[in-house]
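Enquirer: Sequence and computational prediction follow.
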Amino acid sequence: MKNPAEARTRSEILKQLREAHSTTVERTQALLREQKQTHREICQAIRDDPKTVPEVAAATCKPAHEVLWHLAALKKYGIVVETGMSGDYVLYKLAKEA
């Protein structure tokens, strides 16, 4: 166990670090909130029927390259799966429905 003086010193150092990096923390938290919102929008778009990247982009009003990036992340973590092809495009669907 640390003695009380070491605990106070550590606590003070952590407080100073939080204050010094508060803008970075706020910016990171805002980015994470934005990404979660985008993931929710994408999942909502593919909830009923499988869709291609251009279809999801149109449904969410997001650029196709951003949608592809988010779909790749969602696929990596098992939230969405590929369910076939529509022309030259892969169809994506929520994993729990696959």
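Expert: It's in.
Enquirer: which ones are touching the residue nearest to Gly87 when sequence neighbours are not counted?
Expert: Spatial nearest neighbour of Gly87, chain neighbours left out: Thr52 (7.9 Å); criterion: CB to CB, 6 or more residues apart in numbering. Heads up, the C-betas are built off the backbone N, CA and C, glycines and all. Taking CB atoms under 8 Å, 6 or more residues apart in numbering, we find Thr52 in contact with 86-87, 89-92.
Enquirer: For those residues, pick the one with the most neighbours.
Expert: Tyr92 (29 neighbours; other CB atoms under 10 Å).
Enquirer: Can you classify it by secondary structure?
Expert: The local conformation at Tyr92, judged by DSSP: H, G, I helix; E, B strand; the rest coil, is strand.
Enquirer: what kind of secondary structure is Val81 in?
Expert: strand.
Enquirer: what pairs with it across the strands?
Expert: Judged by DSSP bridges, the bridge partners of Val81 are Lys93.
Enquirer: Extract the residue ranges of this protein that are flagged as low pLDDT.
Expert: Filtered on pLDDT under 70, the chain yields the residue ranges 1, 97-98.
Enquirer: hmm, 80 instead?
Expert: Low-confidence segments of the chain (pLDDT under 80): 1-2, 97-98.
Enquirer: Now for the most centrally placed residue in the chain: which residues touch it?
Expert: Residue closest to the mean C-alpha point of the chain, counted by CA atoms, centre = their mean, is Gln35 at 4.1 Å. The contact partners of Gln35, taken as CB under 8 Å, 6+ apart, are His70.
Enquirer: How much space separates it from Val80?
Expert: From Gln35 over to Val80 the distance is 15 Å, taken as CB to CB, to the nearest Å.
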